[in-house]
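K.L.:
Compute the structure for the input listed below.
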Amino acid sequence: MALPYNPDEIEAKWRQRWDASGLYRPDVGRAGDALFYNLVEFPYPSAEGLHVGHVFRYSGVDAYGRYHAMRGRSVFQPIGFDAFGIHTENYALRVGENPATLTARTTAAFRRQLERGGFAWDWSRTLDTSDPAYYRWTQWILVRLFAAGLMYREEAPVVWCPSCLTVLAREQTEGDRCERCGTTVTERTMRQWFLRTTAYAERLLSGLDALDWPERAKKLQRQWIGRSEGREIDFGDLTVFTTRAETLPAATFLGVAPGHPAAGGRRPHPLTGAALPVLEADYVLASYGTGAVMGVPAHDERDRRFATERGLPVSDAPLLDPASAGAVGRPAVRYRLRDWLISRQRYWGPPIPIVYCEPCGPVAVPEAELPVLLPSLDDVRPTGTGISPLAAVAEFVETRCPECGGRGRRETDVSDTFLDSAWYYLRYPSLGAPGADRHAWDNSLVRQPDFYAGGSEHVQRHHLYARFLAMALFDLGLVPFDEPFPRMRLGGLITSAGAKMSKSRGNVVGPDAYTKRHGADVLRCALLFSCPWKAGGEFHDDAIAGVERFFTKLWNLVAAASGNTAGRTSGAAAGPGRVAHDGKPEPHAVAWAVEEVTAAIERLRFNVALARIMEATDDISSADGLAVVVRLLAPLAPHLAEELWERLGGRGSVHRTSWPTAHVERAGDPDQTIVVQVDGKLRRRVRVPADASDEAVVAAAVAATGIRAARTVLVHGRLVNLVTAVTGSRP
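P.N.:
As a prediction, the model looks like this:
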């Protein structure tokens with residue numbers, strides 16, 4: 001069904017008014033405690049545009065921010081572009097463009113879509129991580145970490161992606177595959193730059209307890225940090241770490257990581273004196289514990305498989321009793337977490353601000369000489385040799401040592417894109433303020449987001465890195481807090497054809513065709529109505545039609561109530577003064593709607609909020625009642641709500657009105673609301689006297705739905721389920 005209004009015309013009208021009035025540009029410095037910093041993870045402009053999954057997540061966050069604005073908060077809702085990194089560079093290589101020119105084009109396309117969606121972004125404080133004005137400060141952070149001993153260079157076994165042709169942090173793999181391209185990764189030994197995340201392992205773990213995060217997010221981080229309590233046991237000069245010291249008598253070999261210098265030798269057993277073989281085992285990691293384990297085939301399945309393959313003995317020696325086991329070796333704590341490998345042998349990223357000098361060693365670039373600009377290159381393809389394309393640019397590489405003034409050579413690796421996003425929330429509040437170009441952030445303006453919306457795929461990557469960096473910056477006296485995101489919620493994924501959207505699957509659904517044909521508000525509400533925001537789900541086109549029917553109905557109701565019947569479509573609802581057909585007086589319908597929608601939005605249950613608003617329009621038709629409905633709808637359909645508010649004679653922007661309150665005292669209400677289901681699915685709510693009999697409640701449910709049920713299920717005072725068919729038989 002066609003909408004009774006032109007969505008392009010109405011939505012453009014209101015976006016122009018919002019922009020002209022500065023509606024979404026709060027004074028961050030003066031807002032004080034009234035400020036509500038509402039932040040969502042910014043997008044990678046690594047494609048031609050957004051897909052509807054982005055719109056789904058942003059629509060929920062935007063609705064939540066608009067709701068808080070109507071609750072009296074000064075909402076600061078910035079957006080930017082995570083433009084550096086392998087995502088963007090790989091896309092540029094696929095389409096045959098230079099990453100710099102492609103990023104300028106795709107960022108412009110993303111911005112157009114982000115503006116068209118009706119989101120309350122503060123565009124006066126936006127950022128792009130590939131802008132030298134931003135990555136200057138990313139480099140400054142590295143210089144500070146280097147000076148504090150939290151950044152170091154070391155030769156170590158590292159994860160290598162043979163498709164992306166670069167090393168990866170372990171967090172950037174999924175099993176044995178690159179999380180970006182899906183290629184099976186390999187291992188190389190290379191000299192790389194690391195940040196000492198392991199120095200913060202215990203704080204990262206214990207700090208989770210105080211965070212207002214979903215429990216599944218905390219669980220994922222706890223698993224990744226992986227704290228293990230055990231004991232270190234010496235086999236001669238070789239030390240192993242074990243969480244099961246009681247199995248020591250049954251050890252028949254020692255396993256070491258591939259390449260370990262002790263491999264091929266033997267070491268005496270500390271209890272029996274037997275010389276155990278020391279063997280390379282792929283399942284032993286050089287970076288975990290001591291890089292050596294004791295092999296106990298009788299009590300460990302992985303050890304048993306290894307022993308069987310090698311023809312090693314399996315000992316049935318009895319376990320140590322707890323008292324004896326506690327006297328073996330030394331108590332120790334180990335973590336699964338590794339130091340963060342930030343080197344990337346690619347082009348599209350911030351150059352690591354280090355100069356190598358033969359007499360002085362690695363020297364940080366002085367802060368006054370930042371940024372180290374990324375030079376323009378024609379050929380940016382990764383070499384696959386473990387050396388960045390920047391190494392071929394002599395005028396970039398050759399420099400002077402900042403300490404002795406002698407010949408120096410610049411580091412040619414760039415830093416990981418997750419470093420760019422680990423601190424961007426600090427930058428937003430300072431943008432546009434005096435002196436913003438002279439510091440990374442202003443501590444009189446900087447603050448933690450009051451609400452942060454992310455994706456579950458980032459819990460063990462971006463969220464973990466941001467927490468580490470906040471702790472390190474706090475310890476250096478650079479920020480006033482040590483946690484970046486005290487309150488975070490994870491948005492679900494929108495799937496297409498049952499799978500996560502991706503170009504490789506060919507199932508990416510873009511928003512442009514929908515917004516052009518139906519309008520941004522229809523798309524926003526159709527997506528939010530399709531599935532719970534925190535769970536996600538499949539998006540179907542029939543949701544579009546359902547939202548359009550509702551918008552048309554509401555438009556006609558407002559037209560009738562305001563006396564403006566021009567443009568009203570046939571089949572409009574009755575005029576003011578109507579009593580709901582299920583007997584619920586309009587004041588009670590309004591109060592019920594306010595309570596239900598408020599509770600739903602507070603819980604980020606936007607699909608429920610929309611359902612309750614739709615139900616309320618069955619029972620509300622007066623101008624005053626519809627004005628409340630329009631205010632309830634405003635966070636979800638911002639353009640339409642503005643137009644209807646104006647047509648009802650409302651003053652100013654509906655988004656600057658106060659959130660409705662229930663004017664009817666529900667506690668003294670002589671009636672009760674009963675949920676009516678048909679075959680387990682919600683169909684109606686009916687109002688009945690509080691002392692109504694069960695028979696009267698069922699009769700009201702049947703009258704409201706027109707359903708004659710085969711049987712009914714009644715939960716007294718709460719619910720009636722009308723079951724239309726009886727399956728099976730009973731003897």
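K.L.:
can you list the domain ranges for the chain.
P.N.:
Residue ranges for each domain of the chain read 227-335, 542-666, 670-723, as given by automatic domain parsing.
K.L.:
right, and those domains - which one's nearest residue 460?
P.N.:
For residue 460, the closest of the domains of the chain is domain 227-335, at 13.6 Å, according to C-beta to C-beta. Heads up, the C-betas are built off the backbone N, CA and C, glycines and all.
K.L.:
Which stretches in the stretch 201-350 of the chain count as strands?
P.N.:
Remark: strands assigned in the stretch 201-350 of the chain by DSSP state E, counting those that start in this stretch are 227-235, 238-242, 253-256, 266-268, 275-280, 292-295, 330-335, 340-341, 343-344.
K.L.:
Format the domains of the chain as JSON lines; extra columns: mean pLDDT, distance to residue 353 and mean neighbour count.
P.N.:
Formatted as JSON lines, the domains of the chain follow (pLDDT from 0 to 100; distance: least, C-beta to C-beta, whole Å; neighbours: other C-beta atoms under 10 Å):
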{"stretch": "domain 227-335", "mean pLDDT": "93", "distance to residue 353": "26", "mean neighbour count": "17"}
{"stretch": "domain 542-666", "mean pLDDT": "84", "distance to residue 353": "41", "mean neighbour count": "19"}
{"stretch": "domain 670-723", "mean pLDDT": "85", "distance to residue 353": "59", "mean neighbour count": "16"}
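K.L.:
Dump these into a markdown table; add distance to residue 8 as well.
P.N.:
Formatted as a markdown table, the domains of the chain follow (distance: least, C-beta to C-beta, whole Å):
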| stretch | distance to residue 8 |
| --- | --- |
| domain 227-335 | 55 |
| domain 542-666 | 10 |
| domain 670-723 | 34 |
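K.L.:
quick one: which of those is nearest residue 96?
P.N.:
Residue 96 sits nearest to domain 542-666 of all the domains of the chain, at 35.7 Å, using C-beta to C-beta.
K.L.:
mind checking how far that closest one is from the chain centre?
P.N.:
Put simply, domain 542-666 sits 32 Å off its chain's centre (C-alpha atoms, centre = their mean, to the nearest Å).
K.L.:
now swap in stretch 113-120 and tell me
P.N.:
Chain-centre distance of stretch 113-120: 19 Å, with C-alpha atoms, centre = their mean.
K.L.:
follow-up on the earlier one: how about the domains of the chain, which one is nearest residue 215?
P.N.:
The minimum distance between residue 215 and those falls on domain 542-666, with 15.4 Å, by C-beta to C-beta.
K.L.:
In contact with residue 8, which residues are there?
P.N.:
Residues near residue 8 by C-beta atoms under 8 Å, 6 or more residues apart in numbering: 516, 519.
K.L.:
now the helix or strand containing it: mean pLDDT?
P.N.:
Applying DSSP states H and E as the criterion places residue 8 in helix 7-21. On average, the pLDDT along helix 7-21 is 97.
K.L.:
Go through it and flag the buried ones.
P.N.:
Residues 7, 10, 11, 14, 15, 18 are the ones in helix 7-21 that count as buried (16 or more other C-beta atoms under 10 Å).
K.L.:
Pick out the most distant pair among those.
P.N.:
So, the buried residues of helix 7-21 by C-beta to C-beta: farthest apart are 7 and 18, at 15.9 Å.
K.L.:
re the thing from before, could I get the strands of the stretch 201-350 of the chain as CSV with distance to residue 675?
P.N.:
As requested, the strands of the stretch 201-350 of the chain are exported to CSV (distance: least, C-beta to C-beta, whole Å):
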stretch, distance to residue 675
strand 227-235, 46
strand 238-242, 56
strand 253-256, 60
strand 266-268, 70
strand 275-280, 64
strand 292-295, 58
strand 330-335, 49
strand 340-341, 51
strand 343-344, 55
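K.L.:
on that earlier part again, which single one of the buried residues of helix 7-21 is nearest to residue 332?
P.N.:
Nearest to residue 332 among those is residue 18, at 59.0 Å by C-beta to C-beta.
K.L.:
tell me the contacts of that closest one?
P.N.:
Taking C-beta under 8 Å, 6+ apart, we find residue 18 in contact with 24, 120, 653.
K.L.:
One more: residue 352?
P.N.:
Contact analysis of residue 352 by C-beta under 8 Å, 6+ apart lists 139, 142, 193, 342, 343, 411, 413, 414, 415.
K.L.:
Same check on residue 230?
P.N.:
By C-beta under 8 Å, 6+ apart, the contact list for residue 230 reads 241, 242, 243, 244, 245, 331, 332, 333, 334.
K.L.:
Distance check, it against residue 248.
P.N.:
Distance of residue 230 to residue 248, given as C-beta to C-beta, to the nearest Å: 12 Å.
K.L.:
ditto for residue 316
P.N.:
Using C-beta to C-beta, residue 316 is found at 14 Å from residue 248.
K.L.:
Equivalent analysis for residue 195, please.
P.N.:
The gap separating residue 195 from residue 248 is 36 Å, by C-beta to C-beta.
K.L.:
what about residue 109, helix or strand, and which?
P.N.:
Using DSSP H and E, residue 109 falls within helix 99-116.
K.L.:
what ranges do the helices span in the stretch 451-600 of the chain?
P.N.:
For the stretch 451-600 of the chain, the helices defined by DSSP state H, counting those that start in this stretch cover 462-475, 512-518, 520-530, 542-561, 586-602.
K.L.:
just the contacts of residue 230 now: which is nearest residue 725?
P.N.:
Checking the contacts of residue 230 against residue 725 by C-beta to C-beta gives residue 243 as the nearest, at 56.4 Å.
K.L.:
which one is that closest one nearest to, not counting chain neighbours?
P.N.:
Counting by C-beta to C-beta, 6 or more residues apart in numbering, the nearest residue to residue 243 once its immediate chain neighbours are dropped is residue 230, at 3.9 Å.
K.L.:
picking that back up, can you lay out the contacts of residue 230 as CSV showing distance to residue 376?
P.N.:
Listed next are the contacts of residue 230 as CSV, based on distance: C-beta to C-beta, whole Å:
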residue, distance to residue 376
241, 49
242, 54
243, 53
244, 57
245, 59
331, 56
332, 51
333, 49
334, 46
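K.L.:
ok so, going back, what is the nearest of the buried residues of helix 7-21 to residue 622?
P.N.:
Using C-beta to C-beta, residue 10 is the member of the buried residues of helix 7-21 that lies nearest residue 622, at 23.6 Å.
K.L.:
Okay, and which of the contacts of residue 352 map to helices?
P.N.:
Judged by DSSP state H, the subset of the contacts of residue 352 located in helices is 139, 142.
K.L.:
Of the contacts of residue 352, grab the buried ones for ChimeraX.
P.N.:
Selection of buried members from the contacts of residue 352 for ChimeraX, criterion 16+ other C-beta under 10 Å:
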select :139,142,193,342,343,411,413,414,415
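K.L.:
For stretch 382-389, give the mean pLDDT please.
P.N.:
Per-residue pLDDT over stretch 382-389 has a mean of 91.
K.L.:
can you list contacts of the helix or strand that contains residue 409?
P.N.:
Assessed by DSSP H and E, residue 409 sits inside strand 407-410. Identification of contacts with strand 407-410 by C-beta under 8 Å, 6+ apart yields 351, 354-358, 363, 372, 390, 396-402.
K.L.:
Partner strands of it and their direction?
P.N.:
If you go by DSSP bridges, strand 407-410 pairs up with strand 354-357 (antiparallel), strand 398-400 (antiparallel).
K.L.:
Would you point to the one among those strands that's packed deepest?
P.N.:
strand 354-357 (a mean of 21; mean count of other C-beta atoms under 10 Å).
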